[in-house]
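Engineer: sequence and predicted model, in that order:
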Amino acid sequence: MQIPDIQESTIWAAIAGFVGAAFSLGAIKGLTRGQKAKLLVAGPVVAGLFSGPIIEWMKLPVGWGWAVAFLVGLLGWSALEQILLGIRNADWWALLSDLIRRRFGG
């Protein structure tokens, strides 16, 4: 099994995201140990995946990578939580029936 080729910038973004996630632990009161662990895992993952695209999308200088990764790690838990909440609360049956109606008429 071969280890996937991960760019060095992604690794550094994940490290900055971890630091951001660690800082956010102080701002959130009442978390269980499991929730804290999830937050410390989600911060680097979200920062590693989304810092590059955010920099490109916002046309920011590449040198701002650390700051963007830190902020994504710091706020990534909030965005991730809202995305998961939206998925849980979605009316999937209505969405599916609407897609079928649009596709096949009716």
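Structural biologist: Thanks, I have it. Just so you know, these numbers come straight off a predicted model, no measurement behind them.
Engineer: quick check: next helix or strand after the lowest-mean-pLDDT helix or strand in the chain?
Structural biologist: Within the chain, no helix or strand scores below helix 65-89, which has a mean of 81 by mean pLDDT, DSSP states H and E. Moving toward the C-terminus from helix 65-89, the next helix or strand (DSSP states H and E) is helix 92-104.
Engineer: with just CA atoms, put that following helix into CSV.
Structural biologist: Listed next in CSV are the C-alpha coordinates belonging to helix 92-104 (Å, rounded to 0.1, in the frame of the first residue of the first chain):
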residue,chain,number,x,y,z
TRP,A,92,-35.1,14.4,2.0
TRP,A,93,-38.5,12.9,0.8
ALA,A,94,-39.7,16.4,-0.4
LEU,A,95,-36.4,17.0,-2.1
LEU,A,96,-36.5,13.6,-3.9
SER,A,97,-40.1,14.0,-4.9
ASP,A,98,-39.4,17.5,-6.2
LEU,A,99,-36.4,16.3,-8.2
ILE,A,100,-38.5,13.5,-9.7
ARG,A,101,-41.3,15.9,-10.6
ARG,A,102,-38.9,18.3,-12.3
ARG,A,103,-37.2,15.5,-14.2
PHE,A,104,-40.3,13.6,-15.4
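Engineer: how far does that helix sit from its chain's centre?
Structural biologist: Mean C-alpha position of helix 92-104 versus that of the full chain (Cα atoms, centre = their mean, to the nearest Å) differs by 28 Å.
Engineer: one more: stretch 30-37?
Structural biologist: When C-alpha coordinates are averaged (Cα atoms, centre = their mean), stretch 30-37 and its chain have centres 18 Å apart.
Engineer: in space, what's closest to the most centrally placed residue in the chain - neighbours in sequence excluded?
Structural biologist: Geometric centre of the chain, nearest residue: V46, 3.4 Å, by Cα atoms, centre = their mean. Nearest residue to V46 in three dimensions, chain neighbours excluded: G76, at 3.4 Å (Cβ to Cβ, 6 or more residues apart in numbering). Backbone N, C-alpha and C define where each C-beta goes, glycine included.
Engineer: cool, thanks, signing off.
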